[in-house]
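*Asks:* Next one to model:
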Amino acid sequence: SDSVTGQTVVDPKGYLTSLSKTKIATNAEVSDVHKARLLLKSVRDTNPKHAPGWIAAARVEEAAGKTLQARKVIQEGCEA
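*Replies:* You can find the predicted model right below:
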């Protein structure tokens, strides 16, 4: 931030470089996340006291960028 005017200064070259590093999920990756969610839901439903199932489900959500959902899954696991 620019201390004189209070406006943010953006380096256009750096910004474009950072955009090129942004990973875009492919259809295959989205499908894999969906399959993992279904599999881990089955694990949790079958054996709700199995902590690794809850942790794995939360990690899938975290990897998918769904931090809030990951927290909800962990909370559910703690209550199970």
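*Asks:* Check which helix or strand K49 maps to.
*Replies:* Element membership of K49, judged by DSSP states H and E, is empty: it is in no helix or strand.
*Asks:* pLDDT value on it, please?
*Replies:* pLDDT for K49: 93.
*Asks:* Please apply the same query to the one 5 residues further on.
*Replies:* Here the pLDDT value assigned to W54 is 93.
*Asks:* wait, isn't it in contact with D45?
*Replies:* No. Counting by CB atoms under 8 Å, W54 sits too far from D45 to count as a contact (11.4 Å). Every C-beta, even on glycine, is put in place using the N, C-alpha and C of the backbone.
*Asks:* ok, those two, which is more surrounded?
*Replies:* Per other CB atoms under 10 Å, whichever of W54 and D45 has more neighbours is W54, with 21 against 9.
*Asks:* residue contacts, the more buried one?
*Replies:* Applying CB atoms under 8 Å, 6 or more residues apart in numbering to W54 gives the contacts 44, 73-74, 76-77, 80.
*Asks:* What subset of those residues is buried?
*Replies:* Buried members of the contacts of W54, scored by 16 or more other CB atoms under 10 Å, are 44, 73-74, 77.
*Asks:* Sort out for me which of those residues are in strands.
*Replies:* Counting by DSSP state E, no part of these is found in strands.
*Asks:* In those residues, find the pair that's most separated.
*Replies:* R44 and I74 (11.6 Å; CB to CB).
*Asks:* pLDDT below threshold where in this structure?
*Replies:* 1-28 (pLDDT under 70).
*Asks:* what about 50?
*Replies:* Applying pLDDT under 50 to the chain flags the ranges 1-2.
*Asks:* and K66, how many residues sit next to it?
*Replies:* The tally of other residues near K66 (other CB under 10 Å) stands at 15.
*Asks:* Ramachandran angles for E79?
*Replies:* Recorded main-chain torsions at E79 are phi -90, psi -10, according to degrees, to the nearest 10.
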